[in-house]
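[1] The following block contains a protein sequence and its predicted model.
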There are 2 protein chains.
Amino acid sequence: MKRPTIHDVAAAAGVSRGTVSRLLNGDKYVSPKARVAIERAISETGYTVNRAARSLVTQRTGSVVMVMSEPHEKLFEDPNYSTLIRVAIRMLAEHDLSLVMMMAGDEADRERVVRYVRGGHADGVLLVSTHAGDPLLDALQSGPPAVSCGAVIGRETVIPYATADDRLGARQMTEYFVGLGRRRIAMITGPMDTPGGIQRLEGFTDVLGRRATSKLIAHGDWTQASGERAMTELLERTPDIDAVFVASDLMAAGALAALRAAGRRVPDDVAVGGFDDSSVAVSTHPPLTTIRQPLAEMAQATMRLLLALIDGAEHVEPVILPTELVIRESA
Amino acid sequence: MKRPTIHDVAAAAGVSRGTVSRLLNGDKYVSPKARVAIERAISETGYTVNRAARSLVTQRTGSVVMVMSEPHEKLFEDPNYSTLIRVAIRMLAEHDLSLVMMMAGDEADRERVVRYVRGGHADGVLLVSTHAGDPLLDALQSGPPAVSCGAVIGRETVIPYATADDRLGARQMTEYFVGLGRRRIAMITGPMDTPGGIQRLEGFTDVLGRRATSKLIAHGDWTQASGERAMTELLERTPDIDAVFVASDLMAAGALAALRAAGRRVPDDVAVGGFDDSSVAVSTHPPLTTIRQPLAEMAQATMRLLLALIDGAEHVEPVILPTELVIRESA
DNA sequence: AAAACTTCTGTGAACGTGCACAGTATGGCT
DNA sequence: AGCCATACTGTGCACGTTCACAGAAGTTTT
């Protein structure tokens, strides 16, 4: 009733352990005769390699750990993460690696992650939404290769990443507003300690220059409620705005609610632009004009970086992917 | 530069491997003196146990695999899964177990999962959205304990699960409509090969009895588009309906769009009830009256079942948790 | 004082694999 | 024929841990 070992397969095939091991690990020196015998023996016995035993000698674990720093409740509902998880599972599976998930919300979590990674329990680390100055980053300095989906502020040169071109996206939306003839264009940003928060504002000011006064800029924290709050604030400060670029679709949904409450029509009175092209963009009323990020490509690029490093690459370059304007009814 | 082993710790503490191992594994026969010496040695050397070596002898892996059958794109955006993942990571971490994610979308995936699990690479299996008659189920028969979050149709007695009381929830909503004085109450169900699809319809007919004619029932597949389609269909078949119970919030969002397109006012002309109390319920216009499932409790209960089984429990009972009516503006 | 526990410690074996190395055929070339 | 490369195979060892067991030291009971 015991699980078959490589010995059992070898015996059944009439060869030695070494030959079976060679076949399993793709070594070329295996005779055709031995090959078929072993393959039959494997399927007859239902053999699978014991990863623990293999790890013990190869010093590799066959797994990659995804570390999520956001203690955020809705973390996984963010399409960003869900795509990344899906792509990661798939691409890792193709390389016979499995994905283990860890959270790094509080101090205890973080310590667990460090123990896990420094303990050599993962061949690679996949960082998600890591904050600037997270103590985790120093602890992960030495150890298996780490990459991030989205830049890690302050570590752009040390932690490879793939990201959408947030700044470009912001420019696209802002230019679209300008082309529409809007004159008083406001912005609701994300938190200014996230790459998306910073870069999207930069794109906005790239286009508007001195016209992007602080009276036209309010800050949110990605949540719908914060978008609503920021919009209300903007309307108070600058009642004559005729367009607003909101740094995320979810916040834009909040902004729409605030505009409706204030009696402004969208897009007639105020044009609204979101960012992300997430599922909320189509369920709002009116549907949001927004910026699409190539989420799948970002995830794939991130995983390619990680796989390359695990495979021994010395150095890899960050990947920055273009965004795209998606026009719907809100602008 | 090598990672410290248990030998190094033992040497540093002036004891033998055995004593260190005993301390690590909570054996009581360790003298206070040895204890402090070892603890100091551990923190000095930065020792962490090598899980591979441990697995090799204990025949345990220290990990649980979550198997997701839905090849569905938006899988992770479903708050159902996101809560489960979050709770699972947390509760497993407390038991020093880690969570490995796998997909079982196509045949190749499924084979990989079977190899993984039968190969003894996981101490437990966490099933999610597994379909009736999934071949995976037979393959997982023998092997480590498996539980499901939500019942697996046809395997209710063999695979333990925790779920919301879908039937109760459907009754609550339907009774609420009846209490509101609505006379022509329709329903849009989920797919009839899912527990939610079946049970929510049952609750509906529990209340309405013969009044729940087939003309008043349409089927969707949980997607927003299917909800819209089903609603259009219902309006054609039975133009005088004054209430509709939709088996998920997302489909309800679709139904709202169809109603708007048909010029019906909600809730004045037609009352709409959803199910799930997910984030879309508050972002629709008007916000959805819906049924709340205790997602966190469901996830916790599921994990408790699994942990109990991993811990050696012979048999555990399914857990069915009550739902709650959440009244907003759509009904 | 001997016996019998209790508490604690060290040691050898085993878990299943990959790898380096030594060894055996086979065939082609001088 | 002899030599040498090429293609292939088997064997011993190491990886780091747990566990069973034997045994030492100390404490209580007889």
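    Looks like it came in fine.
[2] and the stretch 1-150 of chain A, which of its residues are near DNA strand D?
    A:14-19, A:22, A:28-34, A:53, A:56-57 (Cβ under 7 Å from any atom of the strand). Just so you know, the C-beta spots here come from the backbone N, C-alpha and C atoms, and that holds for glycine as well.
[3] Show the buried residues in those residues.
    A:Val15, A:Thr19, A:Arg22, A:Val30, A:Ala34, A:Leu56 (16 or more other Cβ atoms under 10 Å in any protein chain shown).
[4] for those residues, which one is nearest chain B?
    A:Leu56 (4.6 Å; Cβ to the nearest Cβ).
[5] which residues touch the strand or helix carrying the closest one?
    Element membership for A:Leu56, per DSSP states H and E: helix A:51-58. With contacts defined as Cβ atoms under 8 Å, 6 or more residues apart in numbering or on different chains, helix A:51-58 is touched by A:Arg60, A:Thr61, A:Gly62, B:Asn50, B:Arg51, B:Ala52, B:Ala53, B:Ser55, B:Leu56, B:Thr61, B:Gly119, B:His121.
[6] Just give me the least confident of the residues you listed.
    Here the lowest pLDDT out of those sits on B:Gly119, with 88.
[7] How about the contacts made by A:Arg3?
    Contacts of A:Arg3 by Cβ under 8 Å, 6+ apart are A:Thr48, A:Asn50, B:Gly119, B:Gly120.
[8] before we move on, what about A:Phe177?
    Contacts of A:Phe177 (Cβ under 8 Å, 6+ apart): A:Ile185, A:Ala243, A:Phe245, A:Ala271, A:Gly273, A:Ala331.
[9] State the pair within those residues that is farthest apart.
    Taking Cβ to Cβ as the measure, the contacts of A:Phe177 span a maximum distance of 10.6 Å, between A:Ile185 and A:Ala331.
[10] Now do the shared contacts for the two.
    In contact with both A:Ile185 and A:Ala331: A:Phe177, A:Ala243, using Cβ under 8 Å, 6+ apart.
[11] Might you name the residue of the stretch 51-200 of chain A sitting closest to DNA strand C?
    A:Ala53 (3.4 Å; Cβ to the nearest atom of the strand).
[12] So, low pLDDT: which residues of chain A?
    For chain A, the stretches flagged by pLDDT under 70 are A:1, A:71-78.
[13] would you list every one of the helices in the stretch 51-200 of chain A?
    A:51-58, A:79-94, A:107-118, A:135-139, A:166-179, A:195-208 (DSSP state H, counting those that start in this stretch).
[14] Looking at those, spot the one closest to B:Thr5.
    Going by Cβ to Cβ, the one of the helices of the stretch 51-200 of chain A nearest B:Thr5 is helix A:51-58, 11.5 Å.
[15] which ones are touching the residue most central in space within chain A?
    Here the mean C-alpha position of chain A is nearest to the C-alpha of A:Cys149 (Cα atoms, centre = their mean), at a distance of 3.9 Å. Counting by Cβ under 8 Å, 6+ apart, A:Cys149 makes contact with A:Asn80, A:Leu84, A:Leu126, A:Leu127, A:Val128, A:Tyr161, A:Ala162, A:Thr163, A:Met298, A:Ala299, A:Thr302.
[16] one more time with 7 Å, if that's ok
    Neighbouring residues of A:Cys149 by Cβ atoms under 7 Å, 6 or more residues apart in numbering or on different chains: A:Leu84, A:Val128, A:Tyr161, A:Ala162, A:Met298, A:Ala299, A:Thr302.
[17] And A:Gly220, by the same measure?
    Counted by Cβ under 7 Å, 6+ apart, A:Gly220 has contacts A:Ile188, A:Thr189, A:Gly190, A:Ser226, A:Gly227, A:Ala230, A:Met251.
[18] neighbours of the first one, just the number please.
    In terms of burial, A:Ile188 registers 31 neighbours under the definition other Cβ atoms under 10 Å in any protein chain shown.
[19] Across the sheet, point out what pairs with it.
    A:Ala218, A:Val246 (DSSP bridges).
[20] my read: it touches A:Gly227, true?
    Yes. Counting by Cβ atoms under 7 Å, A:Gly227 is a contact partner of A:Ile188 at 6.0 Å.
[21] shared neighbours, these two?
    With Cβ under 7 Å, 6+ apart as the test, A:Ile188 and A:Gly227 both reach A:Gly220, A:Val246, A:Met251, A:Ala255.
[22] can you pick the most crowded of those?
    A:Ala255 (35 neighbours).
[23] Was I right to think that residue contacts A:Arg229?
    No. The criterion here is Cβ under 7 Å, and A:Ala255 misses it with A:Arg229 at 9.5 Å.
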